[in-house]
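J.: below are the sequence and a predicted model; questions follow.
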There are 2 protein chains.
Amino acid sequence: MVTLAEVARHAGVSASTVSYVLSGKRTISTPTRERVERSIRELGYHPNAGARALASSKSNIIALMMPLRTDMYLPVMMEIAIAVATTAREHAHDVLLLTGQEGPEAARRVVGSGLADAMILMDVELEDQRLPLVRVTPRPAVLIGLPSDTTGLTCVDLDFAATGRRCVDHLAELGHREIAVVGEAAAVYERRTGFAERTVRGVRERAEELGTRVLHRPCDGSYESVAGTLARIFDERPGTTGIVVQNEAAIEPLLSLLRQQGRAVPEDVSVMAVCPEQVAAGTSVPLTSVAIPAQEMGRLAVELVMARADAGAGRDQAAVPPRIELLPPTLTVRGSTGPAPTPR
Amino acid sequence: MVTLAEVARHAGVSASTVSYVLSGKRTISTPTRERVERSIRELGYHPNAGARALASSKSNIIALMMPLRTDMYLPVMMEIAIAVATTAREHAHDVLLLTGQEGPEAARRVVGSGLADAMILMDVELEDQRLPLVRVTPRPAVLIGLPSDTTGLTCVDLDFAATGRRCVDHLAELGHREIAVVGEAAAVYERRTGFAERTVRGVRERAEELGTRVLHRPCDGSYESVAGTLARIFDERPGTTGIVVQNEAAIEPLLSLLRQQGRAVPEDVSVMAVCPEQVAAGTSVPLTSVAIPAQEMGRLAVELVMARADAGAGRDQAAVPPRIELLPPTLTVRGSTGPAPTPR
DNA sequence: GTGAAAGCGCTAACAT
DNA sequence: ATGTTAGCGCTTTCAC
């Protein structure tokens, strides 16, 4: 294994000079720098990560915790993870993947051991078990999702309340007066992250302002469940002409069922979804949708956590104030929504 | 920050004793051990990862590379990643997530710097760019997938050829004499991993033995594409009564289209898939399928890489011989396959 | 602009 | 069964 000392000898300089060439923390004369860089290349030198971490007390590793609790939609998680990894590399950091089964102690472990010097928490619950640790730890952390008490925390998420409002606006503009929300599984509402509620709250809020009627039904993604949900919707509210779906798994079954029932989309009923762009564009009927900006969330989380890490290095405590960053919803109109049918 | 030396002082022992209590590499008297363990708890000591890595030249980190090239089905990747992380923890290792955009150099970087002491490569191509490095590096590596030349490599994958054969067997037993394969996107066959070809080869092989006719069509997952593919299939082979799908995205559109065309499943046409269990069980018609054992693949990859790592520590070179581990296909019969209809 | 040297916290001989 | 000690390879004062 090639060491810094060997590079130094090969280049005829001291170890510290090599170190400074690498870090750029000191001005080096061009000839010296070039000599060192040449030696590095010729010897195939790679700085030892452990030694670096020990000497600098910085690991250049971000821990990404994804508990993967219930029925979280894996592709979105995955997209976020990819965006986090990509962005982290742009900041010369790597990503350590922590999954759920180790529990909140995983965070304590990686931070306590200095393995990671920052962390990003996904799949945040309203009363997340990891929050006490996050509030106490000196390492910067960013949550993807919104707990009920955000005091002192930095969070990133889609603005689901605004998303709900935006959906109602769109349907109302098209003349729809009775709309239904096909939501996430009941379990998601009961014990979880709050994002589903936030959407529904947004929907209700705007619907009230506009005098639109709303029926909300949780729904797990199975074909049977969607069939039952749909039946109940048209049973209770035969006049329903607009449907907002916030449940990736329910989308195809829903479209398929409407087709079978002879309800044309969007002529008889308008359907819109809160889901990743890719999903909305790939369905049997391309769906008008509000995107779940997985990439942006991942990227932003890293940028925020790095900003705090850099500041923390300068001043003693986090000089960057905590921050709640709610991404504004973006609605894309595709083929699945249209003017409300004129009642017979 | 609490150090080992502080723990030693607090427990009234030497540093090495604390170290040995931690590693278990030396027998410690029960009273001493208990005293040390108590001090560790009381002081809230966490061994410093960097110092450990430096002193022992082992980082206890496995790098997981997922290039995420083309249209790989993200949920499967994700499941594998989760299984890898979980299993790694059982071996006291953590997982570093490397994505594609850094290219093959990422492997060189993490291994060269000692950041990772083993690696698992996903999404392996037939002529994978990373293979030269893997063959040269002293660190143990395991591939998930099969390149064209496996000399000296340890690989894990589903036995796709056997999977193809198994599918034909199942349909043939039910009396089907003309079957179609709806495959992955053409791009997958052209520039990629070989798994899709292996399935088709298995299908052809067994079909030939049994005198079954086979029509194979690549297909990207879009609704239009599936519609076109299906039309061509029944156009060219009106007698087709069995369909094997190897393309998660194509499944729902396919079922939906068959329904629209008035072809009942499985009365008129039997459909079976090569896909994760979860997908097969959740479709509008539960699908007879061969599972993609994502979890097992992830777990096995870690077990194999750890076995090589442990052996490498003992002897000089890898004492554990390279190994190709092809998981046998498991077919689960659900509602979507049945006896071939008697020709009119 | 460059060097010398003191650690960073731990592991693993080498002692006893 | 336990203690002593020499590094592991790098960063970063301090000195010139």
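T.: Everything's here; your move. All figures in this text were calculated on a predicted structure; none of them were measured in a lab.
J.: can you count the residues close to residue A:290?
T.: Neighbours of residue A:290 under the rule other C-beta atoms under 10 Å in any protein chain shown: 27. To be clear about C-beta, it is placed using only N, CA and C from the backbone, and glycine gets the same treatment.
J.: okay, now the sheet partners of the helix or strand that contains it, with direction.
T.: Assigned by DSSP states H and E, residue A:290 falls within strand A:288-291. Here strand A:288-291 has these sheet partners by DSSP bridges: strand A:270-275 (parallel), strand A:331-332 (antiparallel).
J.: pLDDT on the first one, on average?
T.: It refers to strand A:270-275. Across strand A:270-275, pLDDT averages out at 97.
J.: and among the strands paired with strand A:288-291, the most buried is which?
T.: strand A:270-275 (a mean of 26; mean count of other C-beta atoms under 10 Å in any protein chain shown).
J.: after that strand, next one along is what?
T.: helix A:277-282.
J.: need the residues that contact that following helix.
T.: Helix A:277-282 is contacted from outside by A:75, A:248, A:251, A:273, A:286-289, A:291, A:332, A:334, B:221-223, B:249, using C-beta atoms under 8 Å, 6 or more residues apart in numbering or on different chains.
J.: among these, which ones are buried?
T.: With burial judged by 16 or more other C-beta atoms under 10 Å in any protein chain shown, the buried subset of the contacts of helix A:277-282 is A:75, A:248, A:251, A:273, A:286-289, A:291, A:334, B:221-223, B:249.
J.: want to throw those residues into a markdown table with distance to residue B:106?
T.: Listed next are those as a markdown table, based on distance: C-beta to C-beta, whole Å:
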| residue | distance to residue B:106 |
| --- | --- |
| A:75 | 23 |
| A:248 | 31 |
| A:251 | 35 |
| A:273 | 35 |
| A:286 | 36 |
| A:287 | 36 |
| A:288 | 39 |
| A:289 | 34 |
| A:291 | 29 |
| A:334 | 37 |
| B:221 | 29 |
| B:222 | 32 |
| B:223 | 36 |
| B:249 | 28 |
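J.: now narrow the residues you listed to whatever sits close to DNA strand D.
T.: Among those, not one lies near DNA strand D by C-beta under 7 Å from any atom of the strand.
J.: which residues are in contact with the nearest residue to residue A:129 once chain neighbours are set aside?
T.: Once flanking residues are discounted, residue A:129 sits nearest to residue A:104: 4.5 Å by C-beta to C-beta, 6 or more residues apart in numbering or on different chains. By C-beta under 8 Å, 6+ apart, the residues touching residue A:104 are A:129, A:130, A:133.
J.: and for residue A:323?
T.: So residue A:323 contacts A:154, A:155, A:304 (C-beta under 8 Å, 6+ apart).
J.: show me those residues that map onto helices.
T.: Among these, DSSP state H puts residue A:304 in helices.
J.: now, which of the contacts of residue A:323 sits nearest residue B:114?
T.: Nearest to residue B:114 among those is residue A:304, at 29.6 Å by C-beta to C-beta.
J.: count of neighbours near that closest one?
T.: Residue A:304 has 23 neighbours, counted by other C-beta under 10 Å.
J.: quick check, pLDDT for it.
T.: Residue A:304 is given a pLDDT of 97.
J.: look up how far residue B:67 lies from it.
T.: For residue A:304, the distance to residue B:67 (C-beta to C-beta, to the nearest Å) stands at 27 Å.
J.: ok, how many other residues are close to residue A:285?
T.: Residue A:285 has 18 nearby residues by other C-beta under 10 Å.
J.: let me redo that: residue A:79
T.: Other residues lying near residue A:79 total 22 when counted by other C-beta under 10 Å.
J.: skipping adjacent residues, who's closest to it in space?
T.: Distances taken as C-beta to C-beta, 6+ apart place residue A:294 nearest to residue A:79, at 3.7 Å, with adjacent residues excluded.
J.: quick one: that neighbour and residue A:81 touch, right?
T.: No - look at residue A:294 against residue A:81 with C-beta atoms under 8 Å: they stay out of range, at 9.1 Å.
J.: helix or strand with the lowest mean pLDDT in chain A?
T.: Every helix and strand in chain A was compared by mean pLDDT, DSSP states H and E; the lowest is helix A:186-191, with a mean of 82.
J.: which of the residues in that one are buried?
T.: Buried residues in helix A:186-191, counted by 16+ other C-beta under 10 Å: A:188, A:189.
J.: go on, stretch A:5-13?
T.: For stretch A:5-13, burial by neighbour count (16+ other C-beta under 10 Å) applies to A:7, A:8, A:10, A:11, A:13.
J.: ok, stretch A:141-148 next?
T.: Using 16+ other C-beta under 10 Å as the burial criterion, the residues of stretch A:141-148 that qualify are A:141, A:142, A:143, A:144, A:145, A:146, A:147.
J.: do stretch A:335-344 as well
T.: Residues of stretch A:335-344 classed as buried: A:336, A:337, A:338, A:340 (neighbour count, 16+ other C-beta under 10 Å).
J.: turn the buried residues of stretch A:5-13 into JSON lines, including distance to residue A:279.
T.: Shown next, in JSON lines, are the buried residues of stretch A:5-13 (distance: C-beta to C-beta, whole Å):
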{"residue": "A:7", "distance to residue A:279": "50"}
{"residue": "A:8", "distance to residue A:279": "55"}
{"residue": "A:10", "distance to residue A:279": "55"}
{"residue": "A:11", "distance to residue A:279": "54"}
{"residue": "A:13", "distance to residue A:279": "56"}
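J.: and these, which is closest to residue A:168?
T.: Taking C-beta to C-beta as the measure, residue A:7 is the one of the buried residues of stretch A:5-13 closest to residue A:168, at 63.7 Å.
J.: about what we covered before: what about the buried residues of stretch A:5-13, which are in helices?
T.: A:7, A:8, A:10, A:11.
J.: does the residue most central in space within chain A belong to a helix, a strand or coil?
T.: The centroid of chain A falls nearest to residue A:297 when counting by C-alpha atoms, centre = their mean (4.3 Å). Under the three-state scheme (DSSP: H, G, I helix; E, B strand; the rest coil), residue A:297 adopts helix.
J.: repeat that for the one 5 residues further on.
T.: Secondary structure assignment for residue A:302 (three-state DSSP): helix.
J.: any idea how far it lies from residue B:141?
T.: Separation of residue A:302 from residue B:141 (C-beta to C-beta): 28 Å.
J.: much appreciated, bye for now.
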